[in-house]
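> any chance you could fold what I've pasted below:
(one chain, ligands or ions: 1)
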Amino acid sequence: MEIHTIGGFNEVGKNMTVVKTGDDAIMFDAGIYLPAVIELQEEEEQQHAYSEKKLRSIGALPDDLILDKLGLRNKVRAILLGHAHLDHIGAVPYLSYRYKAPVVGTPFTTTVLKKILQDDKIKIPNQIKSVNPNSTYTIKGKKNYEVEFINATHSTIQTSMMALHTPEGIILYANDFKLDNTPVMGLPPNYQALRRIAKQGVKALVVDSMYSGLETKTPSEKIARAMVEEVLMTVENQKSAIFVATFSSHIARIKSIVDYAKKLNRKVYVIGRSMNKYISSAKDVGMCPFYKDVFIGSYKKQVEAILKKVSKNRENSLVICTGHQGESGSILDRLSRKQLPFEFTHNDNIIFASKTIPVPVNIASKGQLDKRLKKSGVRIFDQVHVSGHGGREDLRDLISIVNPEHIIPAHGSTQQLTPMIELAREMGYDVGKQCHLMQDGQVLKL
Ligand SMILES: [Zn+2]
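Got it, this is the predicted structure:
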């Protein structure tokens, strides 16, 4: 067996791992490296779909061209997607055509992918297959392989760990997750399935280790829900505007914001193209209980009409919008530059139900956004948020449950992945023999 660590082992983003067994190869995730795309957007000041060539040239795609050199391209039998985040699915529109293989994910993940393809006017020849959480899909190659989509918890709905059953043992791909026993939406992690595959024998675990250096168990999403409640109750009595910026893929977080906005008797408006994309995807798969409670605006005219209305009814409205990372062209960015028909005034409230992704381009954009917003005298509530990535103690628990023979840390720079190696050593693993610090473009032979 060979495990090719193609992307996401030197950086946070462009996740891709390919497992070769016998005469077949299976691809896990095909993500984009977002900071590179954001930089490009800032240079060009326009959002549109880019060409594959352009994205490869700026390092935004995982370097799957190495599969050609290794003679593996024609052996890829499936492209499996763990969840709907762009750093896991965002490269599919640009490179999946290279493989005669279906693209497989949970209904929410595949619905989001289809909407991205539609929006960017990209057609791919691959079949797109949906598999329900806690169900199995059969991959057809020289041999057949079962892959289980085991329900996990993360910052978007219908996230899965994927257990690939091969004649050489099970590969568990757990990238990204946290162990949230009280999720706001969806099911808790499927511990029963994890214990079962542990008994069958897990050969290797590829694991989201971004926060392996944080000595904590990441709090449940219910804590973020309580934080949202607390901030909204704080600003309740002011006759001022409330804008909440959050991740458009974070359906559970949006649900919490809508629930408490309703308690304040405020009308909820959701604006921004990506908000519409994810919320309508959630609705399509029956996971948007708040759909009837919100007004959605995605195109220019709708957004402007909503903002004019909010401007006249500040104390009765709450706006959920894009722009928590200060992204150029997002709603909050354009509001801060006074390019939209709404002006913030003294004591208006801007809540960031998010955390700035710690890469230089995001830190700079967010800092400049805050500066422009503060000129209007607004109150800013930052980091009303808990992470969707497990800390060191989530990782310890997962490893104890599945007891893998080999561990491969993923989802970060060498510096971010190294504490996972230390944790494995602490748990009795032989570093180098059983626990492997990999880089992009390397191969591990087991
Ligand atoms: Zn993710």
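
> what number of residues lie near the closest residue to His250 other than its chain neighbours?
Excluding the flanking residues, the one nearest His250 by CB to CB, 6 or more residues apart in numbering is Ser155, at 5.1 Å. Where you see a C-beta, it was placed from the backbone N, CA and C, and this is true even at glycine. Per other CB atoms under 10 Å, the neighbour tally for Ser155 reads 25.

> tell me the SS of Ser155?
coil (DSSP: H, G, I helix; E, B strand; the rest coil).

> so where does the nearest residue to Glu343 once chain neighbours are set aside fall, helix or strand?
Residue nearest to Glu343 in three dimensions, not counting chain neighbours: Ser376, with 7.1 Å by CB to CB, 6+ apart. Per DSSP states H and E: Ser376 is located in neither a helix nor a strand.

> my guess is Ser365 contacts Ser328. True?
Yes - Ser365 lies in contact with Ser328 (CB atoms under 8 Å); the separation is 7.1 Å.

> what about the helices in the stretch 151-300 of the chain?
191-200, 221-234, 251-263, 273-284, 300-312 (DSSP state H, counting those that start in this stretch).

> kindly reformat those as TSV containing distance to the ion and mean pLDDT.
Below are these laid out as TSV (distance: least, CB to the ion, whole Å; pLDDT from 0 to 100):
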stretch	distance to the ion	mean pLDDT
helix 191-200	19	98
helix 221-234	14	97
helix 251-263	13	97
helix 273-284	13	95
helix 300-312	27	96
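
> reformat these as CSV; add mean neighbour count and distance to Ala174.
Output for those, formatted as CSV (neighbours: other CB atoms under 10 Å; distance: least, CB to CB, whole Å):
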stretch, mean neighbour count, distance to Ala174
helix 191-200, 14, 9
helix 221-234, 18, 18
helix 251-263, 22, 19
helix 273-284, 21, 23
helix 300-312, 15, 38
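
> export those as a markdown table, with columns for distance to Ala353.
As requested, the helices of the stretch 151-300 of the chain are exported to a markdown table (distance: least, CB to CB, whole Å):
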| stretch | distance to Ala353 |
| --- | --- |
| helix 191-200 | 28 |
| helix 221-234 | 6 |
| helix 251-263 | 6 |
| helix 273-284 | 13 |
| helix 300-312 | 18 |
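
> and stretch 378-393, which residues are buried?
Within stretch 378-393, the residues that count as buried by 16 or more other CB atoms under 10 Å are 378-379, 381, 384-392.

> what average pLDDT does the helix or strand hosting Arg334 get?
Per DSSP H and E: Arg334 is located in helix 331-336. Averaged across helix 331-336, pLDDT comes to 96.

> gap between it and the chain center?
Distance, stretch centre to chain centre, for helix 331-336: 23 Å (CA atoms, centre = their mean, to the nearest Å).

> ditto for stretch 125-137
18 Å.

> can you pull the buried residues of that stretch?
126, 128, 130-131, 133, 137.

> which of those sit farthest apart?
By the measure CB to CB, Asn126 and Pro133 form the most distant pair in the buried residues of stretch 125-137, at 21.6 Å.

> what is the nearest of the buried residues of stretch 125-137 to Val231?
Nearest to Val231 among the buried residues of stretch 125-137: Pro133, at 31.0 Å, using CB to CB.

> surely that closest one and Leu187 touch.
Yes - assessed by CB under 8 Å, Pro133 is found in contact with Leu187 at 6.7 Å.

> which ones are touching whatever residue of the stretch 1-150 of the chain ends up closest to the ion?
Nearest residue of the stretch 1-150 of the chain to the ion, counting by CB to the ion: His85, 3.6 Å away. Contact partners of His85, counting by CB atoms under 8 Å, 6 or more residues apart in numbering, are 31, 155-156, 176, 249.

> please repeat the previous calculation with a cut-off of 10 Å.
The contact partners of His85, taken as CB atoms under 10 Å, 6 or more residues apart in numbering, are 13, 15, 29, 31-32, 34, 109, 112, 154-156, 159, 176, 247, 249-250, 388.

> just Leu72 next, same as before
Applying CB under 10 Å, 6+ apart to Leu72 gives the contacts 2, 4, 18, 20, 24-25, 27, 64, 66, 99, 443.

> mind redoing it with 8 Å?
4, 18, 20, 25.

> doesn't Ile79 make contact with His88?
No - assessed by CB under 8 Å, His88 is found out of contact with Ile79, at 11.0 Å.

> find the residues that touch each one of these two.
The contact sets of His88 and Ile79 overlap at Ala30 (CB under 8 Å, 6+ apart).

> now the residue in the stretch 151-300 of the chain that the ion sits nearest to: phi and psi?
Residue nearest to the ion within the stretch 151-300 of the chain: Asp176 (3.8 Å; CB to the ion). Backbone geometry at Asp176, expressed as degrees, to the nearest 10, gives phi -110, psi 160.

> for it, which non-adjacent residue is spatially closest?
Using CB to CB, 6+ apart, the nearest residue to Asp176 is Asp208, at 4.3 Å.

> report the beta-bridge partners for that neighbour.
Asp208 has these beta-bridge partners by DSSP bridges: Ala410.

> ok, the residue of the stretch 151-300 of the chain closest to the ion to Asp29 distance?
Separation of Asp176 from Asp29 (CB to CB, to the nearest Å): 10 Å.

> what's the overlap in contacts for the two?
In contact with both Asp176 and Asp29: 82, 88, using CB under 8 Å, 6+ apart.

> pick out whichever of these two has more residues nearby.
Asp29 (33 against 28).

> per-residue pLDDT, that one?
Asp29 is given a pLDDT of 98.

> dump the residue contacts of it.
8, 15-17, 80-82, 88-89, 173, 175.

> in this structure Val386 contacts Glu221, no?
Yes - counting by CB under 8 Å, Val386 touches Glu221, with 6.7 Å between them.

> quick check on the residue positioned nearest the centre of the chain: phi, psi?
Most central in the chain under CA atoms, centre = their mean is His85, positioned 2.9 Å from the mean C-alpha point. In terms of degrees, to the nearest 10, the main-chain angles of His85 are phi -70, psi 150.

> what's the pLDDT at it?
95.

> okay, now the unreliable bits of the protein?
41-48 (pLDDT under 70).

> what parts of it come near the ion?
85, 176 (CB under 5 Å from the ion).

> the chain - how does it break down into domains?
Domain ranges of the chain: 2-217+388-445, 221-381, per automatic domain parsing.

> returning to what we had before: check which element follows the helix holding Arg334 along the chain.
Assigned by DSSP H and E, the successor of helix 331-336 is strand 349-353.

> tell me which strands and helices that next one is in contact with?
helix 221-234, strand 242-246, strand 379-381 (3 or more CB pairs under 8 Å, 6 or more residues apart in numbering; DSSP states H and E).

> columns distance to Leu214 on top of these, output as a markdown table?
Shown next, in a markdown table, are these (distance: least, CB to CB, whole Å):
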| stretch | distance to Leu214 |
| --- | --- |
| helix 221-234 | 15 |
| strand 242-246 | 22 |
| strand 379-381 | 23 |
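
> out of the ones you listed, which is closest to Ser256?
Once the helices and strands packed on strand 349-353 are compared by CB to CB, helix 221-234 is nearest, at 4.1 Å.
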